[in-house]
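> sequence first, then the predicted structure:
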Amino acid sequence: LVSDGFISSGNDTFKVSPEDMLRWVWENNYEVPEILEDFEEQVISHADHWAVIAESAVSPIKLKDYQGKFVRKTYNRILTQQAILNCCEPGTGKTIMALTTAMKGRRDTPLLILAPNAAHGTFARDLRKLGYQEDIHIITGKDFDLTKSGAIIMTYDSLPPIAKEGLNKKPMEAFLEDLHPQCELIADEFHQVKNNKAKKTIRFRTLAKRFIKNKKTILALTGTPIMNRPNELWNLLVNLGLHKRAFGDYQGFLYMFGGYKGRFGIEFNESARKPHLIKKALSRIMYRVTKSEILDQLPDISIKEVPVDISKDQKKALDNIYSQVDHDKPILEQKLILQNLSKIKEALAVSKIPYAEEICASYEEAEIPLLVCSDHVNVVQKIGKRKGWAYIDGSVSQKDRDNIQELFNQGLLRGVAFTIKAGGIGMNLHGAA
């Protein structure tokens, strides 16, 4: 019996600290559903009590109310399921919520974090903010050593193939054997594995099954409004083994979402949906808040810096310029620097494009309009040519500028990219998030 800081076993009673109590609950959670099935409400209430203590013990960062609620809800759910889906809108701090939960009262919990390149630096910084004491390994290629302790951060595309793919690479089975047995999994931008037939989805499912089998936590994060895309929602829940807990079976899922077999496969009738049943089903396995619900807890503006890698060729060119700098003279008095300043800035700007496009894609998935600005025309044009986007630079006429602004403010464009010079005057893009 777990109660008020004591563990009772037979005739023996042990006084333990909140951190040890929390760890005991986690390490023995495989026994809880079987032994205490009839006392689930009491177990949940105790778990909630210790979750509040653990939340304050784990995080040097004071969590917002809604973030603490996610941590507590996850601690409760972890007694009977190994995965939970966080669908809070972008900008609500899903990274901090996930890390605080996954660390489970410790600063040395082994972690595997799957995330796009643009999010790697954010996870690394937030781990340090939370007092993480182990090494943090950011994997950028296909070859890596999983036997190292600490946190491993990589992309979904870096996951190794499963054996039946027949590729001459280290298979998923060997990858799983190398993972630390106590490792917890965080899957950011989880909608990246929504396609049933995609290789990275198949690989992720193989990975997730191992975590579920070992009774380890999976925290999946996505800001996408997946309730509007039933088939994708079903696929994501299957990835986590949560589909049966939420809907019972596929027929129950179709019933709630108004699904039926049409001419081209499964189709959905919006008017036949059962919103109250859907909400109840998803509340068992998902947590979501929107910005409109928590405006009083959000800052007026938030700034996030994303570390960016540059290519070897770009680094070589910049190093060559730097080697010729006279460090005894002010930079702006050196002709070499002034002559190459635009080249330097352009090289650095171009290196950011892949990261910027990842961020754009995540906002597109979340159906949130976005503005992107840059000093450089080629960057603006590259992003502005994305599907559903437009761009404004010095070559765009006033008539076209007005038309772009009107389309964006009506919600007919996914985003607008503009140069700082061209966008600094006469711009009214109030349709931005």
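Happy to help now that I have it.

> pLDDT weak spots in this protein?
Low-confidence segments of the chain, defined by pLDDT under 70: 1-60, 76-81, 141-148, 165-170, 433.

> of all the helix elements in it, which one is longest?
When the chain is parsed with DSSP state H, its longest helix is helix 335-365.

> and that helix, how far from the chain's centre?
23 Å (Cα atoms, centre = their mean, to the nearest Å).

> in it, what counts as buried?
Applying a neighbour-count criterion of 16 or more other Cβ atoms under 10 Å, the buried positions in helix 335-365 are 337, 340, 347, 349-350, 352-353, 355-365. From N, CA and C alone the C-beta is placed, and that goes for glycine too.

> for the stretch 301-433 of the chain, just list every one of the helices.
312-322, 335-365, 377-384, 398-409 (DSSP state H, counting those that start in this stretch).

> out of the ones you listed, the one nearest Leu159 is which?
With respect to Leu159, and counting by Cβ to Cβ, the nearest of the helices of the stretch 301-433 of the chain is helix 335-365 at 17.0 Å.

> now do that closest one: which elements does it pack against?
helix 117-129, helix 312-322, strand 370-374, helix 377-384, strand 415-419 (3 or more Cβ pairs under 8 Å, 6 or more residues apart in numbering; DSSP states H and E).

> Arg210: which of these is closest?
Ranking these by proximity to Arg210 (Cβ to Cβ) places helix 117-129 first, at 21.3 Å.

> what sits up against the closest one?
60-61, 95-96, 99, 111, 113, 115, 136, 138, 140, 151, 153, 155, 186, 188-189, 304-307, 309, 354-356, 358-359 (Cβ atoms under 8 Å, 6 or more residues apart in numbering).

> am I right that Val115 is in contact with Ile153?
Check again: residue 115 is Ala, not Val. Yes - shown here, Ala115 and Ile153 form a contact pair, counting by Cβ atoms under 8 Å, at 6.5 Å.

> so which residues of the stretch 151-300 of the chain form strands?
Assigned by DSSP state E, counting those that start in this stretch, the stretch 151-300 of the chain shows strands spanning 151-154, 184-187, 218-221, 259-262, 265-268, 286-287.

> so which elements touch the second one?
It stands for strand 184-187. Packed next to strand 184-187, using 3+ Cβ pairs under 8 Å, 6+ apart, are helix 94-103, strand 111-114, helix 199-213, strand 218-221.

> quick one: strands adjacent to that strand?
With DSSP bridges as the test, strand 184-187 is paired with strand 111-114 (parallel), strand 218-221 (parallel).

> that older thread, need the helices and strands packed on helix 335-365 in CSV with mean neighbour count and distance to Gly105, can you?
Listed next are those as CSV, based on neighbours: other Cβ atoms under 10 Å; distance: least, Cβ to Cβ, whole Å:
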stretch, mean neighbour count, distance to Gly105
helix 117-129, 18, 15
helix 312-322, 12, 41
strand 370-374, 19, 37
helix 377-384, 19, 42
strand 415-419, 24, 41
